[in-house]
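[1] Turn this into a structure:
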Amino acid sequence: MQKNVRTSLRLELKDKPGQLLAAIEPISKSGANIITISHQRDTKSVNGALIVDIVISLPETRLVELMDALRANGVAIVRIGTEHLTCTKTFILIGHILHTDLTDTVNRIDKKNIAEVTELDIVMPGMDEPSTAKLTIKAVSEQEMTQAVITLKEIAVEKHLLIINQIGGGL
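    I've put the predicted structure just below:
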């Protein structure tokens, strides 16, 4: 059984009809699954091309074949990268997040190339009122994610923060 890899692609497309299809068709034919696609007509590269970001999952042996097919269709590949942090969980934190040293919280969860805080959105209603944060952690495996969640829970107890378990699922 071939191992699938999650790969992010940044593509540049000519600003004319049919170009998005020129990118999606080879992806489909390669056996890849599209995880996300972002195509904004207002965002253009310095040379006037449209920028499209796509995250796919495909057998690792087919990546080179896909790159060749994209280039053959006139699609410029600006960036490509495989994601090693494939396990993702998102939490809500409530409390005095900034007053209890946000940098410390993030640094204690982050372990380079093992687990990282990849997104953090904070809403602060007032200076002395509790804040609400959406925190996303990515890890290389379920085992490493479990360790990151244990660390998050320890921090929450220490800093008197409430954690609402993973959005869309349990711990």
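[2] Pull up the per-residue confidence for the residue at the greatest distance from the centre of the chain.
    Centroid-distance maximum for the chain: Asp128 at 32.1 Å, with C-alpha atoms, centre = their mean. We have a pLDDT of 86 for Asp128.
[3] Pop out the phi and psi values for it.
    Dihedral pair for Asp128: phi -100, psi 10, per degrees, to the nearest 10.
[4] Burial check on His96, number of neighbours?
    The number of residues packed near His96 is 13, by other C-beta atoms under 10 Å. C-beta: built from backbone N, CA, C; applies to glycine.
[5] nearest residue to it other than its sequence neighbours?
    Pro130 (6.0 Å; C-beta to C-beta, 6 or more residues apart in numbering).
[6] The one you found contacts His99, doesn't it?
    No - with contact defined as C-beta atoms under 8 Å, Pro130 does not count as touching His99 (9.5 Å).
[7] Give me the more crowded residue out of these two.
    Pro130 (16 against 12).
[8] residues touching that one, list them.
    Going by C-beta atoms under 8 Å, 6 or more residues apart in numbering, Pro130 touches 94-97.
[9] Show me the chain divided up by domain.
    4-82, 87-164 (automatic domain parsing).
[10] The ones you listed: lowest mean pLDDT?
    Mean pLDDT is lowest for domain 4-82 among the domains of the chain, at a mean of 87.
[11] Just the buried residues of the strand ranked longest in the chain, please?
    As assigned by DSSP state E, the longest strand anywhere in the chain is strand 33-44. Residues of strand 33-44 classed as buried: Ile37 (neighbour count, 16 or more other C-beta atoms under 10 Å).
[12] cool, stretch 71-89 as well?
    Of all the residues in stretch 71-89, those buried under the rule 16+ other C-beta under 10 Å are 73, 75, 85-87, 89.
[13] Just the element for the residue nearest the centre of the chain, please.
    The centroid of the chain falls nearest to Thr118 when counting by C-alpha atoms, centre = their mean (7.0 Å). Per DSSP states H and E: Thr118 is located in strand 115-123.
[14] May I see the buried residues of that strand?
    Residues of strand 115-123 classed as buried: 115-117 (neighbour count, 16+ other C-beta under 10 Å).
[15] That's all I had, so thanks and see you.
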